[in-house]
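**Q** Sequence below, structure please.
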Amino acid sequence: MSGPADGYRDTPLRPYVITGGRARAELNLALETLLSAADPPQPLPVTASAEMRDLLQMCQQRISLVEAAAHLKLPVNIVRVLASDLIRSGHLTWRSSPRAEGPSIELLKEVLDGLRKYKV
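**A** All right, here's what the predicted structure looks like:
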């Protein structure tokens, strides 16, 4: 995807400006979190940044957070902040993989009990 994000350089000022001075996202999105544009699509306000517009356009097809960061050539944490903002505003939907949530406590106890049972 081409656009303003193509000119990204690793400087402290640009990410600070892109996120409005925020370093942390309001939502805890894992790297493998899948992002999709809301259905029906909602237009962004005219004040939305070029990076937000690029991210929303990219999410017309389901894409992971880390893939979006790579395509935008932005640090993952910056894209995490942008995605969190777009999710909270209703422009994006997200789905975290079950693997990201981890196994249940019950499953871990069963595995531990099984290991103890077959201990030699």
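
**Q** Spit out the contact partners of residue 91.
**A** Applying Cβ atoms under 8 Å, 6 or more residues apart in numbering to residue 91 gives the contacts 37, 38, 42, 44, 56. C-betas here are computed from N, CA, C, even on glycine.

**Q** Quick check: buried residues in the strand or helix carrying residue 57?
**A** Secondary structure assignment for residue 57, by DSSP states H and E: helix 50-58. Using 16 or more other Cβ atoms under 10 Å as the burial criterion, the residues of helix 50-58 that qualify are 51, 52, 54, 55, 56, 58.

**Q** now, which of these sits nearest residue 92?
**A** For the buried residues of helix 50-58, the closest approach to residue 92 (Cβ to Cβ) belongs to residue 56, at 6.9 Å.

**Q** Quick check: the gap between the closest one and residue 109.
**A** Distance, residue 56 to residue 109, using Cβ to Cβ, to the nearest Å: 43 Å.

**Q** Residue 85 touches residue 52, doesn't it?
**A** Yes - using Cβ atoms under 8 Å, residue 85 is in contact with residue 52, at 7.2 Å.

**Q** confidence score at residue 114?
**A** On pLDDT, residue 114 comes in at 81.

**Q** Number of residues surrounding it?
**A** Residues contacting residue 114 under the criterion other Cβ atoms under 10 Å number 10.

**Q** so it sits in a helix?
**A** Yes - counting by DSSP: H, G, I helix; E, B strand; the rest coil, one finds residue 114 located in a helix.
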